[in-house]
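In: structure, please.
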Amino acid sequence: MLADVIVDLQYGDCGKGKIASHLCKINDYTHVIRYNGGCNAGHTIYHNGQKLVTHHIPCGVLHGVKSIIGPGCVLNVDQFFKETGELEDAGIDTTGLIKVASNTHIITDFHMAQDKKDIEIGTTKRGNGPAYRDKYGRKGMIALEIPELAPYIIDMYEEIHNNEEHDEIKILFEGAQGFGLDVDWGDYPYVTSSHCTVGSALLNGVPPRAIREVWGVAKIYETYVGAKDFEGPDEVFEDIRRVGQEYGATTGRPRQINWLDYDMLKMAARINGTTKVVFNKMDVMEEVGSWCLYDGPNLYQFEKRSDIEMWLSSKLELEVDTEMEVIFSGDKEFI
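Out: Numbering: from 1, shown residues only. The predicted model follows:
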């Protein structure tokens with residue numbers, strides 16, 4: 001058994017769905033597993049010229065790979081069936097490919113109502129926080145208890161460890177949200193309700209020694225959707241929002257924008273043990289024509305793309321891992 005893990009090194013919305021879809025095209029994965037979050041996630045994927053947005057279902061289904069919503073997630077049943085229908089309407093054959101771990105917790109109408117009362121922290125109001133609260137309060141409901149989900153239910157231990165082809169299993173773990181929103185490592189209380197680090201993937205039933213690669217995903221700038229003030233004063237951010245179409249895939253809210261924070265990126269890469277880092281949205285900054293980042297309190301401005309690429313590559317290799325591969329991407333579908 002081996003596993004690759006995708007983690008977001010910023011605040012979500014960094015293109016994890018694109019990376020997951022690309023990796024499915026070039027690897028022979030047997031499973032793709034969503035390991036955290038719920039329908040507050042919004043993964044935008046360009047597949048065969050189609051733009052698809054999934055909130056629950058992993059992208060492996062687009063490539064004929066068994067796709068599992070893991071026990072680290074929380075599931076809205078109505079949204080789940082809405083997504084399966086949308087995929088079928090888009091011509092995607094999902095027969096036998098979509099599964100839900102039997103011990104995945106359920107988002108109920110009560111959780112949705114509770115979440116709508118939040119006016120201080122900022123939330124997608126999808127019920128995730130209250131569902132996780134009830135999970136850890138030991139009064140939640142699990143997928144095994146929902147009759148409509150019976151055809152999709154899977155036992156994670158049996159699927160991964162008691163499988164006759166155990167040695168041939170190759171898993172891609174697809175994460176949600178990002179390091180800056182992690183409930184332990186993010187800017188508390190302005191965080192999500194789940195763990196967004198590589199450790200969260202392991203909670204879905206895979207031993208640490210199975211991990212082969214950890215793919216860290218970031219934008220060449222930063223975006224954030226939430227209640228705290230995040231956007232800087234630079235007028236160029238409005239241009240970035242327009243060119244980059246920076247609006248939440250789940251809420252539609254405009255994303256706040258700021259320059260890349262190298263210190264947080266370095267921290268996220270170290271804690272997650274990333275072996276590869278992909279910077280997305282290079283095409284956006286090519287069009288906007290500005291290249292800046294923060295290193296501590298200092299704002300650095302670069303004349304051209306190659307300058308910021310060289311700076312980031314050398315710093316990450318020196319301060320995180322000399323063998324780390326750093327990739328810069330400006331394509332919507334491919335790395």
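
In: so what's the residue count around residue 311?
Out: 16 (other CB atoms under 10 Å). For every residue, glycine as well, the C-beta is placed using N, CA and C.

In: contacting residues around the helix or strand hosting it?
Out: Secondary structure assigned from DSSP states H and E places residue 311 in helix 305-319. Under the contact criterion CB atoms under 8 Å, 6 or more residues apart in numbering, helix 305-319 has outside partners 220, 262, 266, 269, 277, 279, 282, 285-286, 291, 293, 300, 302, 323-324, 326, 328.

In: residue 3 looks like it's in a helix, true?
Out: No: counting by DSSP: H, G, I helix; E, B strand; the rest coil, residue 3 is not found in a helix; it is strand.

In: hmm, it is touching residue 201, no?
Out: Yes: applying CB atoms under 8 Å, one finds residue 3 in contact with residue 201, separated by 7.3 Å.

In: shared neighbours, the two?
Out: Common neighbours of residue 3 and residue 201, counting by CB under 8 Å, 6+ apart, are 173, 211.

In: the chain: helices as residue ranges?
Out: Under the criterion DSSP state H, helices of the chain are mapped to 16-26, 77-89, 109-115, 128-136, 156-160, 198-202, 236-244, 262-272, 282-288, 305-319.

In: residue 143 is nearest to which of the ones you listed?
Out: helix 77-89 (8.5 Å; CB to CB).

In: what does the closest one rub up against?
Out: When contacts are defined by CB under 8 Å, 6+ apart, helix 77-89 is touched by residues 39, 52, 54-57, 61, 69, 94, 98, 100, 106-107, 126, 146, 148-149.

In: just the buried members of those?
Out: Among the contacts of helix 77-89, those scoring as buried are 39, 52, 54-57, 61, 69, 94, 98, 100, 106-107, 126, 146, 149 (criterion: 16 or more other CB atoms under 10 Å).

In: counting neighbours, what do you get for the closest residue to residue 190 other than its chain neighbours?
Out: Spatial nearest neighbour of residue 190, chain neighbours left out: residue 228 (4.7 Å); criterion: CB to CB, 6 or more residues apart in numbering. Counted with other CB under 10 Å, the neighbours of residue 228 add up to 11.

In: wait, residue 228 touches residue 187, no?
Out: Yes: proximity of residue 228 to residue 187 meets the contact threshold set by CB under 8 Å, at 7.0 Å.

In: measure the spatially closest residue to residue 106 that is not a sequence neighbour to residue 294 for me?
Out: Nearest residue to residue 106, sequence neighbours excluded (CB to CB, 6+ apart): residue 141, at 4.5 Å. Using CB to CB, to the nearest Å, we find residue 141 at a distance of 44 Å from residue 294.

In: then residue 267?
Out: For residue 267 relative to residue 294 (CB to CB), the value is 13 Å.

In: do residue 257 as well
Out: Using CB to CB, residue 257 is found at 13 Å from residue 294.

In: neighbour count for the two, which is higher?
Out: Between residue 257 and residue 294, counted using other CB under 10 Å, residue 257 has the larger neighbour count: 22 against 18.

In: what's the worst-scoring helix or strand of the chain on mean pLDDT packed up against?
Out: Least confident helix or strand, the chain: strand 43-47 with a mean of 72, by mean pLDDT, DSSP states H and E. Other helices and strands packing on strand 43-47, by 3 or more CB pairs under 8 Å, 6 or more residues apart in numbering; DSSP states H and E, are helix 16-26, strand 50-54.

In: quick one: it to chain centroid distance?
Out: 12 Å (CA atoms, centre = their mean, to the nearest Å).

In: run the angle between that strand and strand 50-54 for me.
Out: Calculated by axes from the mean of the first three to the mean of the last three CA atoms, to 10 degrees, strand 43-47 forms an angle of 150 degrees with strand 50-54.

In: what pairs with strand 43-47, and is each one parallel or antiparallel?
Out: Sheet pairing of strand 43-47 (DSSP bridges) gives strand 50-54 (antiparallel).

In: quick one: contacts of the strand it pairs with?
Out: Residues from elsewhere that reach strand 50-54 (CB under 8 Å, 6+ apart): 17, 42-46, 62, 83, 86-87, 90, 249.

In: ok, longest strand in this protein?
Out: Criterion DSSP state E: the longest strand present in the chain is strand 211-219.

In: sheet partners, orientation included, of that one?
Out: Paired neighbours of strand 211-219 in the sheet (DSSP bridges): strand 2-8 (parallel), strand 276-280 (parallel).
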